[in-house]
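In: Prediction below, plus the sequence it came from.
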Amino acid sequence: MSDLEPLFRPRLQYPERALRLRREGRVIVEFRIGNDGAPQDVRVVEAIPPGLFEQSALRYAAGLRYHPGEKPPHPAETMGRERDRQRLEVRFEMRGQA
């Protein structure tokens with residue numbers, strides 16, 4: 001997905017409803033990295049299962065921080081995606097959850 005390594009990763013919040021249902025899933029988010037190193041225009045591309053993890057994934061992605069002004073190393077590899085947009089898969093797994 002993304003070739004860039006964040007300087008800071010916030011704590012991923014597992015949704016309470018998903019914990020009660022004992023569900024796992026994944027969400028693919030897409031965003032641009034602003035000049036300040038913060039993700040901008042964060043949006044969900046895919047969510048499995050739908051309707052359960054999207055908000056937590058969006059909050060997580062919005063909290064990432066990268067080197068200011070950092071751009072993907074190979075823009076030609078975006079293959080049809082908007083230039084400089086990054087994709088990130090956020091996995092929600094029950095392992096380690098209370």
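Out: Cool, the structure landed.

In: and the top helix by length along the chain, what does it pack onto?
Out: Counting residues, the longest helix found in the chain (DSSP state H) is helix 54-63. The contact analysis (3 or more C-beta pairs under 8 Å, 6 or more residues apart in numbering; DSSP states H and E) places helix 54-63 against strand 25-33, strand 39-48, strand 85-92. Just so you know, the C-beta spots here come from the backbone N, C-alpha and C atoms, and that holds for glycine as well.

In: Strand partners (parallel or antiparallel) of the shortest one?
Out: The partner list of strand 85-92 in its sheet, established with DSSP bridges, is strand 25-33 (antiparallel).

In: what comes into contact with the strand it pairs with?
Out: For strand 25-33, the external contacting residues (C-beta atoms under 8 Å, 6 or more residues apart in numbering) are 1, 4, 18, 39-49, 52-54, 56-58, 61-62, 66, 70-71, 81-82, 84-92.

In: Can I get that strand in CSV, CA atoms only?
Out: This file holds the C-alpha atoms of strand 25-33, laid out as CSV (Å, rounded to 0.1, in the frame of the first residue of the first chain):
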residue,chain,number,x,y,z
GLY,A,25,-12.1,-6.6,9.8
ARG,A,26,-10.1,-4.3,7.6
VAL,A,27,-10.5,-0.9,6.1
ILE,A,28,-8.5,0.6,3.2
VAL,A,29,-8.2,4.4,3.5
GLU,A,30,-6.7,6.8,1.0
PHE,A,31,-5.2,10.3,1.7
ARG,A,32,-2.7,12.9,0.6
ILE,A,33,0.1,14.0,2.9
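
In: How far does that strand sit from its chain's centre?
Out: 4 Å (C-alpha atoms, centre = their mean, to the nearest Å).
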